[in-house]
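Participant: this one's structure only:
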C-alpha cells in the first residue's frame, strides 16, 4: 500500500511538468503584444503607443525563445516563486494560499453533508424501490439536477437574503470583518469558522456560518442529484446480489443486511464520483463563488483566465494537478477499505 | 443529542441574523461596490481612473479642482492658486515661465515620526497620539514641507512608471521630453536608458532639480517655456500627490539622492515600497487592503488639514456579479453600486434608491479609420483589392470613402435606442467642457443621399460598381460599440448592397496587436474611445493633440497616411495654439481644428460618454468632475441615518 502511494506521488512532478509545458506552449501561440497584455494591468497601460509596447516586451523578455522563457519561469518555480499575479495584485503563491482556506471551508461544508445526504437518500431510494420514498427522492433530485447552479443560487439569494435577510453574500459582515482584522484576533488557518472557534469568538463563528450557508446549500442541492442516483443504482444492484439474499436467508435483520452489508459495497462507485467531485470543488466553484460574492479559488482562476494572467493560470494549473493526483490517490486507497477484494497492486 | 445540536445551531444563527431593515445599515460607513480594482497606492505608479480612487482620498495635492469645474482650481497644500494676477506665475524674458506654490503650514501625514529615547524614529498614527506624544514628533517626519513637495514631483518624474507621472515630465520640459527615459537617452546619446552612464544620469537629475527651487515655505517650478496645461496636471490625483520624503525613505523608497535614482526607475509593482501602503495627508487613511477578498477599507483621518470627513469609514469591494450588487443595494448593505446602464430606469423607480443620471464625461467614442493597411496575412482586407471581395490597403485614404462612411451612420438611432437619450453626439476630438468645443460646430448626420454622392466619387467611381468587403473590429463585451458598427453595417447595406462590412469582436489584446504590433495597422476600422488626461486641448496628452497631431496616440495607431494628413493640415494650427498662453488666441484655433476634423472626416466621431451613479437615497455630496472621470472623492460624501 505504501509503495503504491509513493509511486503515485512520484508521478506528480512528471504530470506537473507536462502540464506546465502544455500551458506554456499554448501561451506562446500568442504574439508578444498579446502576451504583454497579461503584464499590463489594464489596456490603458498600453496607451503609450508602439514605443512603449516595444520597451515593455523587452522588459519582460517576451521576444526570447520558448525554452528561455520557460526556463526562466521553471527556475523561479523551483525556487518557490510562482510569479506575480496581476489579477490578485500579489504573488501567485500568496494568492493561492490565502484563497485556499476560503474554498476549503465552503467545500467541506458543502461536500461532507452533501455526500452523507446522497448516500442516505440513494440507499433509501434503492431500498424502497418504486415506493413513495423512492418517488419522492427521485423527484427531489431531478429538480435539483434540472436547476442550473446560477438559477438556484440567485433564487437562494433572493429568498434567504433579499426577503428573509438570513444568509447575506460575502464571507463576513462588516462588524465581523473588523473583529477578524483586529490585532486581538489570531489568524491560524485563514478559514473564518475554524479561526473564530480557536479564538473563542462565537458571534464571528455564527456570522461566518450565515455567510457560508447559502452557497453551501446551493452546492449541496445541485450536486446531490448525480451522487444520489449513482448510489441508488448501485444499491439496487447490490441488493440483488447472492450474498445479500444469503444473509437474509440466514435470518439476519433486514436493516442490518441493507445498511451494513449492501450499502458498504454499494459505496464503491460513489467513492469514485465523490473523489472527482471533491477535486473539482477544490478547484473552486466559479459560479457559486461569483453569485454569493465569495472570494475563493474559483473566482480567482476564472478572472485570471479572462485576464490572460499567465503566472496565475500556470500556478493554478499546478495546484489543480496536485489536487487531482492526491484525490485520485485517496480514492484508490479508500477502495480496499470499502471492499477488501480490491488490492492496490 | 442531535436535536439539541440542531436547536443550538438555529439559535446561534438567529442571534446573528440582523432584524429586517428599519434603519440605516452600517451608519457612518460608506459601502462602495464596484467591478474595478485598484492597482497600487503609489501615486507615482498609477495612471488609470479606478486606481485614482485610492490615491485621491488618501493623499493631497498642491491644488484641487474646484468642484465639478475642470479649468478652475482651489488651494490645497498650496495656500494659493498661482496666477499672473497674484504674481505667482511669472514669465521670464527668455520665455521661461515660473509657478510658485506657497506651502501650507502644519499639514501632517497620517503617520508621524516619533523619536524614541534611543534616537530611533518610529512611525505612529497621528490620530492615536496623546498630546504628550505629539510633543515628541520629530520635525519634518510626517510634516509636509516645501522640500516634500519638490521630492514628490521629482520622484514621480524619475520613477517614470506611468504616463500620468510622465505628464509631469512633459510639463517640466514644456513638452520637450515625453518621459525621463527620452530625456536621458537624448542627453546621453544612447539607445536605452539602461545604457546611460552614471554621469549622464546625474546630469539629468541636476537639470531636473534645478527647475524646482525651495525657498522657505515656497516651491517654485520653472519651465523653459509656456505649458498652458500646467495647473491642470498639478491638480490631478496621480504623480502630483504629495508624499512625505522621510517616510518614503524609511520604507525603502528613493532617498532623494541624485546618484541612485535609477535604482528606483520603473519598479515592478511588487518591488515598489508604496504599492500597498500609504502615508498621505488626505481625508482618509488606508486601514486594510485585502487583495484576496478584493476589499479596501479606509478610515477617517481626524487630523485632516481641512477638517475631518463626515464619513467614518469607506469600504470598497469588488463584486463582479450585478445581481449580488443589486440585492446588497436594495437590502441597504451597500450605499453605492456600479450598475449596468440598462437597469437605470428600473432602479430610479425603486424605493430607497437614488439614480443620478446624465453626468457629462470628457470621454468620446468613435470608429477609427486606418490607412495604409498591412496587406500581409491580414484577413480583414479580404482579397486586398477593390474587386468587391476585399478592400485595398489605402481604402480609407480616399476622403470620399471616409465621408461616405460618416454619412452612412445612423447617429440619432444610436443616441436614442442604444444610449437612451442620455448623451450627445461627439462634434470632434474636443468634447463639452474643453476649450474649442462649440455647440454649433458641424456634425455628420445619417444622410444616405450624401453618402451615395461621396461613394460614387470614391476611387473614380469604381467603388460604387465593385462594392467592398472588409472586417471591422470591436472589443469583446462592448455592446454599444457592436451596436454602432451594426448601425453602420445596415446603413452601408441600404446604400449599396455590394457594401459589405463584417464585424468581429476580439479581446482587447488582439485589437491592440492589430494596431500596434505591425509596421502598418491591420484593422481598417476599429471601435475605440478615449478621453484627455487634462483639461487643456493642447499638449501631448490633450484632446486635440491626441487625435490630430502626427505624433499623437491616434496617429501612432492608424497609419502613416493619417499621420501625413495631420502633419500637413493640422500640425501648424496645433503648434500655433500651443505657443500662446492667451485663451482668447487659443480658443478660435482649437475651434477651427474641431471643424477641420469634420471637414477631413478624420474619424467617425460617435458620442460623448456619460456617467451616472446609483446610491441609496440617504447618500449626498457626490461631485462629478469630468476630468477626474467621475472619480469618487469621499470627503464631501454624507450618509444620513
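Facilitator: That came through, no problem. Predicted model only: the values in this text are computed from it and were never measured.
Participant: For the closest residue to residue A:307 other than its chain neighbours, give me its contacts.
Facilitator: In this structure, residue A:307 finds its nearest non-sequential neighbour in residue A:87, 5.1 Å apart by CB to CB, 6 or more residues apart in numbering or on different chains. For the C-beta atoms, the positions are set from N, CA and C on the backbone; glycine is no exception. For residue A:87, the contacting residues are A:95, A:300, A:303-304, A:307, A:309, A:312, taking CB atoms under 8 Å, 6 or more residues apart in numbering or on different chains as the criterion.
Participant: For residue A:87, give me phi and psi.
Facilitator: Backbone torsions of residue A:87, given as degrees, to the nearest 10, read phi -70, psi -50.
Participant: Do I have it right that residue B:622 meets residue B:614?
Facilitator: No. Residue B:622 lies out of contact with residue B:614 (CB atoms under 8 Å); the separation is 10.9 Å.
Participant: Overlap in contacts, those two.
Facilitator: Counting by CB under 8 Å, 6+ apart, the common neighbours of residue B:622 and residue B:614 are residue B:356.
Participant: and the two? which has more neighbours close in?
Facilitator: When residue B:622 and residue B:614 are compared for neighbours, residue B:614 comes out ahead with 25 against 18, by other CB atoms under 10 Å in any protein chain shown.
Participant: my read: that one touches residue B:334, true?
Facilitator: No. Assessed by CB under 8 Å, residue B:614 is found out of contact with residue B:334, at 9.6 Å.
Participant: Would you check how far apart whichever residue of chain B sits closest to chain A and residue B:640 are?
Facilitator: Checking chain B residue by residue against chain A with CB to the nearest CB singles out residue B:509 as nearest, at 3.3 Å. Residue B:509 sits at a distance of 45 Å from residue B:640 (criterion: CB to CB, to the nearest Å).
Participant: more crowded one of these two?
Facilitator: Just comparing residue B:509 and residue B:640: by other CB under 10 Å the higher neighbour count belongs to residue B:509, 21 against 11.
Participant: helix, strand or coil for the more buried one?
Facilitator: Reducing the assignment at residue B:509 to three states with DSSP: H, G, I helix; E, B strand; the rest coil gives helix.
Participant: For the residue nearest to residue A:316 when sequence neighbours are not counted, give me its contacts.
Facilitator: Spatial nearest neighbour of residue A:316, excluding adjacent residues (CB to CB, 6+ apart): residue A:301 at 4.7 Å. Residue A:301 makes contact with A:283-284, A:286, A:312-313, A:316, according to CB under 8 Å, 6+ apart.
Participant: among those, which one has the lowest pLDDT?
Facilitator: Least confident entry in the contacts of residue A:301, by pLDDT: residue A:284, with 73.
Participant: Correct me if wrong: it contacts residue A:297.
Facilitator: Yes. Under the criterion of CB under 8 Å, residue A:284 makes contact with residue A:297 at 3.6 Å.
Participant: Now do the shared contacts for these two.
Facilitator: With CB under 8 Å, 6+ apart, residue A:284 and residue A:297 have common neighbours A:99, A:103.
Participant: From residue B:522, how far off is the nearest residue to residue B:517 once chain neighbours are set aside?
Facilitator: With CB to CB, 6+ apart as the measure, residue A:33 is the residue that lies nearest to residue B:517, at 4.1 Å, once sequence neighbours are left out. According to CB to CB, residue A:33 stands 11 Å off from residue B:522.
Participant: Likewise for residue B:603?
Facilitator: The value you get for residue B:603 to residue B:522, if CB to CB is used, is 18 Å.
Participant: Also residue A:270?
Facilitator: If you measure residue A:270 against residue B:522 using CB to CB, the figure is 54 Å.
Participant: do residue B:484 as well
Facilitator: The gap separating residue B:484 from residue B:522 is 20 Å, by CB to CB.
Participant: so where is the stretch 51-200 of chain A shaky, pLDDT-wise?
Facilitator: Low-confidence regions of the stretch 51-200 of chain A, defined by pLDDT under 70, span residues A:51-52.
Participant: Kindly state the pLDDT recorded for residue 244?
Facilitator: All of this is about chain A. For residue A:244, pLDDT reads 84.
Participant: meant chain B, my bad for not saying
Facilitator: 97.
Participant: isn't it right next to residue B:149, touching?
Facilitator: No. The pair residue B:244 / residue B:149 is not scored as a contact, 10.6 Å apart, by CB under 8 Å.
Participant: Now stretch A:245-255: buried residues?
Facilitator: The neighbour-count criterion (16 or more other CB atoms under 10 Å in any protein chain shown) identifies A:247-248 as the buried residues of stretch A:245-255.
Participant: nope, stretch A:90-97 is what I was after
Facilitator: For stretch A:90-97, the neighbour count (16+ other CB under 10 Å) marks A:90-96 as buried.
Participant: which secondary structure elements does the helix or strand harbouring residue A:25 contact?
Facilitator: Per DSSP states H and E, residue A:25 falls inside helix A:2-27. Packing partners of helix A:2-27 (3 or more CB pairs under 8 Å, 6 or more residues apart in numbering or on different chains; DSSP states H and E): helix A:66-78, helix A:310-338.
Participant: which one of those helices is the most hemmed in?
Facilitator: Across the helices and strands packed on helix A:2-27, averaging neighbours per residue (mean count of other CB atoms under 10 Å in any protein chain shown) puts helix A:310-338 on top, at a mean of 19.
Participant: contact partners of stretch B:120-136?
Facilitator: Taking contacts as CB under 8 Å, 6+ apart, the residues outside stretch B:120-136 that touch it are B:108-116, B:137-138, B:141-142, B:246-247, B:250, B:279, B:285, B:301-303.
Participant: now do stretch B:202-216
Facilitator: The contact list for stretch B:202-216 (CB under 8 Å, 6+ apart) reads B:146-147, B:150, B:153-154, B:157-158, B:172, B:180, B:183-184, B:187, B:219-223, B:258-259, B:261.
Participant: how about the helices and strands packed on helix A:2-27 in JSON lines, adding distance to residue B:93?
Facilitator: Rendered in JSON lines, the data for the helices and strands packed on helix A:2-27 read as follows (distance: least, CB to CB, whole Å):
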{"stretch": "helix A:66-78", "distance to residue B:93": "56"}
{"stretch": "helix A:310-338", "distance to residue B:93": "56"}
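Participant: residues in contact with residue 233?
Facilitator: All of this refers to chain A. When contacts are counted by CB under 8 Å, 6+ apart, residue A:233 touches A:126, A:269.
Participant: Let me rephrase: I mean chain B.
Facilitator: Contacts here follow CB under 8 Å, 6+ apart; on that basis residue B:233 touches B:167-168, B:171, B:240, B:534.
Participant: Can you name the residues of the stretch 51-200 of chain A sitting close to chain B?
Facilitator: Taking CB under 8 Å from any CB of the partner chain as the contact definition, the stretch 51-200 of chain A meets chain B at A:52-53, A:55, A:59, A:84, A:86, A:88-91, A:95, A:98-99, A:102, A:154, A:157-158, A:161-162, A:165-166, A:168-171, A:174, A:177, A:181.
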